[in-house]
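Undergrad: A structural model of the following input is requested.
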Amino acid sequence: MITDDNVRHLAKLASLTLDAAAVSRMRGELEAIVGYVEQLSQVDTTGVEPLTNVSGVVNVTRTDVPGPLIPTPTVLALAPARNEVAILVPKVVER
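TA: Got it, this is the predicted structure:
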């Protein structure tokens, strides 16, 4: 059973603001999703091998080989904002 407090907690984790009507609506939608997942968990999968890729396409990648590093002073000289040891970037996440 999903409660309004569960929905508010999830909304907080997702940085969402929900009014009372939205909390009620989301509770119903989350209960429907959980109910569907519970239905799926009752399917007999005995003898079915787990899949990681249903298309059969294989990603072709090269081996990751370390190469020479760009010297720190060179990198810092190219940065628009920096201090003596690091590139400075604006804060993008606020809580």
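Undergrad: center of the chain, which residue is that?
TA: residue 14 (10.6 Å; CA atoms, centre = their mean).
Undergrad: next, give phi and psi for it.
TA: phi -90, psi 10 (degrees, to the nearest 10).
Undergrad: residue 36 too?
TA: phi -70, psi -40.
Undergrad: show the pLDDT at it.
TA: Listed pLDDT for residue 36 reads 95.
Undergrad: look up how far residue 3 lies from it.
TA: Distance, residue 36 to residue 3, using CB to CB, to the nearest Å: 19 Å. For glycine as for every other residue, the C-beta is placed from the backbone atoms N, C-alpha and C.
Undergrad: and what of residue 62?
TA: Residue 62 is 50 Å from residue 3, by CB to CB.
Undergrad: okay, these two: which has more neighbours?
TA: residue 3 (10 against 5; other CB atoms under 10 Å).
Undergrad: pretty sure the more buried one sits against residue 27.
TA: Yes - the pair residue 3 / residue 27 is scored as a contact, 7.4 Å apart, by CB atoms under 8 Å.
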